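Trainee: With the input below, show me the fold.
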Amino acid sequence: MMRIALTAAIVAALALPAFGQTKTRESEGIGGVFGWFPDNRRDLKEMVEKFLADAPDVKVEGKPIAVIVPHGQYKFCGPTAAAAFKALAGQTYDRVVILGPAHNAAFPGGHVGEWDYYSTPMGSSELDKIACRKLLTSGAAATQPKADEKEQSIQNVLPFLETLLNDVKIVPVLIGGKQSENSIRRLGDAVRSVSTPDTLYVVSTDFTAYGQAYFYTPYKDNLKENIRKGDQAAIDLILSNNLAGFRALMKKPDALNLDGAEAISVLLRALEGRKDIRGRLLQYANTAEMIGDYSKSTSFAGIVLTKVAGAAEEPLKVETIIEDMGDKKPEKVPQKLSEADEQTLLQIARDQLTKTIKDKKTADPSEYRADVGRKLLSQGATSVVLRKNDRLRGESGDVRPEKPIYISVLWNTIRAARDSHFAKNPITEADLPDVDIEITVLSPFVAAAGYTDIEMGKHGVFMSKGTKYAIMLPRTALEAHWDRDAMLKQLCLKAGLGENDYKDAGCRFWVFEAQTFCESEYRMKDADKK
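Mentor: Numbers count the residues shown, from 1 in each chain. Predicted coordinates:
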């Protein structure tokens, strides 16, 4: 239930045997000057009720089926969140699916925690364990150990829901990092499968986070107008329930720094193809206008999507990753990077690694723009691996060419330095001199007629069958001393297929080349020259 009386909660807890105690996810980072919201029920209740009372009375067309609301400090984003949540007044729902970004962990698909309740000072929200179990069984979501740590995107929407709705269970789903199109489809379809006509979707997301502190400074002047223009482009696509357009916008160079873009994408996938959805922006604001400083700004939008009775609803369209990859060979494959380009990327990664570990800062891409040539300004997919004494200490990579190569390296260096797999033994400032940085740059993917076109030692492979896929770098197969059949069997197993499924007619292949270089190799070259 959304609200549990204190006495009832105590009685229930005392009645449980030790082994049957419930798991409650307590609120994080609350109270004090920098807390997300007050840490006591009286002050929080008073704040939420005032936000709702002050929000404009707007009548929306149809019953709200989804709201998109911010999750920052309430003193900044509370009025915008209230403007959207107020549309829920008087409505009833049987469950609420909450989609939010995992700010501190990256993983494919969604995270559903092993909790019984989410708690805030307002009360406790019970999880719909049947729906959660169905999401986990689908394979589109899993329980990720690090996802809930210091995460506020789910908790920050609960006080409004606990105020407006009663006796409704929640399905909290955190979505980590950049997701593939296939992951978005799988998770969106799974979310839709646990939904009923009386299910409410809530997406917890801020919009543009601008400034060097957010590693996003594409505008140099007219900041107010440019930030609003960028946000509005995304908002317009959301209001029109346009998943393809929204995903395309998020893939453009210098795309919006929107932390909940993947959560919005999952929502739009769950609603894709429906013609009975109407969208409305109820409020827009940003912190820059509140504090008078655009050097660091976070935008907020309160959006409501409603279901209009009597409107036609089309069935969900099912697509495969093949349609995203394309079958046409690029007209011109970019030439390999020169040694100068390699050294530039290694220096950029080294500078960024030092800033991330030593100074706890991210970098402004514009700082490096004057140092990079035309090739490094072109879009490309990269990976960054960090090793100390030949032992892995962090890695991060992307498959799709979604940003300029040098920016991709910057992002992956930051993520590799903060790799959650090494949280118990993170890279420290003392480690920096002994860390070797390895960068891989992938060429554009080219469709192959069949697996016999794959050239071992030259080609990396992206393989897809239905909704399952996997990728393997050429260097991986070489280091393992695999022949083509052995490599393809491993690729099938990695994708969750039978080891011989690569021979099936429905299996598709794309090949690419990978250029890998590292600091230690250049140090050896320099030593040889001496």
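Trainee: only C-alpha atoms for contact and neighbour calcs from this point on.
Mentor: Will do.
Trainee: Now do the same contact list for residue 92.
Mentor: 165, 198 (C-alpha atoms under 8 Å, 6 or more residues apart in numbering).
Trainee: May I have the secondary structure class of it?
Mentor: Counting by DSSP: H, G, I helix; E, B strand; the rest coil, the backbone at residue 92 sits in coil.
Trainee: and what of residue 281?
Mentor: strand.
Trainee: burial measure for it, as a count.
Mentor: 19 (other C-alpha atoms under 10 Å).
Trainee: next one: residue 423
Mentor: By other C-alpha under 10 Å, neighbour count at residue 423 equals 13.
Trainee: ditto for the one 10 residues further on
Mentor: The local packing count at residue 433 equals 9, with neighbours defined by other C-alpha under 10 Å.
Trainee: Distance of it relative to residue 65?
Mentor: The gap separating residue 433 from residue 65 is 54 Å, by C-alpha to C-alpha, to the nearest Å.
Trainee: ditto for residue 368
Mentor: Here residue 368 is placed at a distance of 45 Å from residue 65 (C-alpha to C-alpha).
Trainee: cool, and residue 289?
Mentor: 30 Å.
Trainee: Tell me who's in contact with the closest residue to residue 394 other than its chain neighbours.
Mentor: Spatially, and ignoring its direct neighbours in sequence, residue 394 is nearest to residue 416 (4.6 Å; C-alpha to C-alpha, 6 or more residues apart in numbering). Contact partners of residue 416, counting by C-alpha under 8 Å, 6+ apart, are 384, 385, 386, 394, 395, 396.
Trainee: which of those sit farthest apart?
Mentor: 386 and 396 (9.1 Å; C-alpha to C-alpha).
Trainee: More neighbours: residue 289 and residue 65, which one.
Mentor: Neighbours were tallied for residue 289 and for residue 65 using other C-alpha under 10 Å; the higher tally belongs to residue 65 (23 against 13).
Trainee: I'd assumed that one was in a helix, is it?
Mentor: No - read with three-state DSSP, residue 65 is strand and lies in no helix.
Trainee: hang on, isn't it packed against residue 199?
Mentor: Yes - if you go by C-alpha atoms under 8 Å, residue 65 and residue 199 touch, sitting 7.0 Å apart.
Trainee: Strands of the stretch 1-150 of the chain, residue ranges please.
Mentor: 24-25, 63-69, 95-102, 110-111, 117-120, 123-126, 141-142 (DSSP state E, counting those that start in this stretch).
Trainee: In a markdown table, list those along with distance to residue 217 and mean pLDDT.
Mentor: Formatted as a markdown table, these follow (distance: least, C-alpha to C-alpha, whole Å; pLDDT from 0 to 100):
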| stretch | distance to residue 217 | mean pLDDT |
| --- | --- | --- |
| strand 24-25 | 36 | 93 |
| strand 63-69 | 24 | 96 |
| strand 95-102 | 22 | 96 |
| strand 110-111 | 29 | 94 |
| strand 117-120 | 35 | 94 |
| strand 123-126 | 38 | 92 |
| strand 141-142 | 33 | 92 |
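Trainee: and among those strands, the most buried is which?
Mentor: Most buried of the strands of the stretch 1-150 of the chain, by mean neighbour count (mean count of other C-alpha atoms under 10 Å): strand 110-111, with a mean of 30.
Trainee: counting contacts, what elements does that strand pack onto?
Mentor: Strand 110-111 sits against strand 141-142, strand 169-176, with contacts defined as 3 or more C-alpha pairs under 8 Å, 6 or more residues apart in numbering; DSSP states H and E.
Trainee: quick check: angle from the longest one to strand 95-102?
Mentor: Which is strand 169-176. 20 degrees (axes from the mean of the first three to the mean of the last three C-alpha atoms, to 10 degrees).
Trainee: which is the next helix or strand following strand 169-176?
Mentor: helix 181-193 (DSSP states H and E).
Trainee: and that next one, C-alpha only, in PDB?
Mentor: C-alpha atoms of helix 181-193 as PDB (Å, rounded to 0.1, in the frame of the first residue of the first chain):
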ATOM      1  CA  GLU A 181      18.000  -0.600 -29.200                       C
ATOM      2  CA  ASN A 182      17.400  -4.200 -28.500                       C
ATOM      3  CA  SER A 183      17.500  -3.600 -24.700                       C
ATOM      4  CA  ILE A 184      15.100  -0.800 -25.000                       C
ATOM      5  CA  ARG A 185      12.700  -3.000 -27.000                       C
ATOM      6  CA  ARG A 186      13.000  -5.900 -24.700                       C
ATOM      7  CA  LEU A 187      12.500  -3.800 -21.500                       C
ATOM      8  CA  GLY A 188       9.700  -1.700 -23.000                       C
ATOM      9  CA  ASP A 189       7.800  -4.900 -24.200                       C
ATOM     10  CA  ALA A 190       8.300  -6.500 -20.700                       C
ATOM     11  CA  VAL A 191       7.000  -3.400 -19.000                       C
ATOM     12  CA  ARG A 192       4.000  -3.400 -21.300                       C
ATOM     13  CA  SER A 193       3.400  -7.100 -20.500                       C
END
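Trainee: tell me the angle the helix or strand following that helix makes with helix 181-193.
Mentor: On the C-terminal side of helix 181-193, the nearest following helix or strand under DSSP H and E is strand 199-204. Put simply, strand 199-204 runs at 140 degrees to helix 181-193, going by the same axes, to 10 degrees.
Trainee: Contact partners for residue 428?
Mentor: By C-alpha under 8 Å, 6+ apart, the contact list for residue 428 reads 357, 358.
Trainee: quick one: pLDDT of it?
Mentor: With respect to pLDDT, residue 428 scores 92.
Trainee: Going forward, count from 196.
Mentor: That works, and once the first residue is 196, the last one we named lands at residue 623.
Trainee: And it, its phi and psi?
Mentor: As for residue 623, its main-chain torsions (degrees, to the nearest 10) stand at phi -110, psi 170.
Trainee: for the protein, where's the lowest mean pLDDT among helices and strands?
Mentor: Every helix and strand of the chain was ranked by mean pLDDT, DSSP states H and E. The lowest is helix 516-520, at a mean of 27.
Trainee: Strands along the stretch 596-725 of the chain, start to end?
Mentor: Under DSSP E, counting those that start in this stretch, the stretch 596-725 of the chain gives strands at 598-599, 630-637, 641-643, 655-660, 663-667, 703-707, 709-713.
Trainee: Need these in a markdown table (columns: distance to residue 230, mean neighbour count and mean pLDDT).
Mentor: Formatted as a markdown table, the strands of the stretch 596-725 of the chain follow (distance: least, C-alpha to C-alpha, whole Å; neighbours: other C-alpha atoms under 10 Å; pLDDT from 0 to 100):
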| stretch | distance to residue 230 | mean neighbour count | mean pLDDT |
| --- | --- | --- | --- |
| strand 598-599 | 34 | 20 | 80 |
| strand 630-637 | 36 | 22 | 93 |
| strand 641-643 | 50 | 20 | 84 |
| strand 655-660 | 45 | 23 | 86 |
| strand 663-667 | 42 | 18 | 80 |
| strand 703-707 | 48 | 23 | 88 |
| strand 709-713 | 42 | 18 | 90 |
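Trainee: Export the ones you listed as TSV, with columns for distance to residue 420.
Mentor: What follows is these, written out as TSV (distance: least, C-alpha to C-alpha, whole Å):
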stretch	distance to residue 420
strand 598-599	23
strand 630-637	35
strand 641-643	40
strand 655-660	41
strand 663-667	41
strand 703-707	41
strand 709-713	40
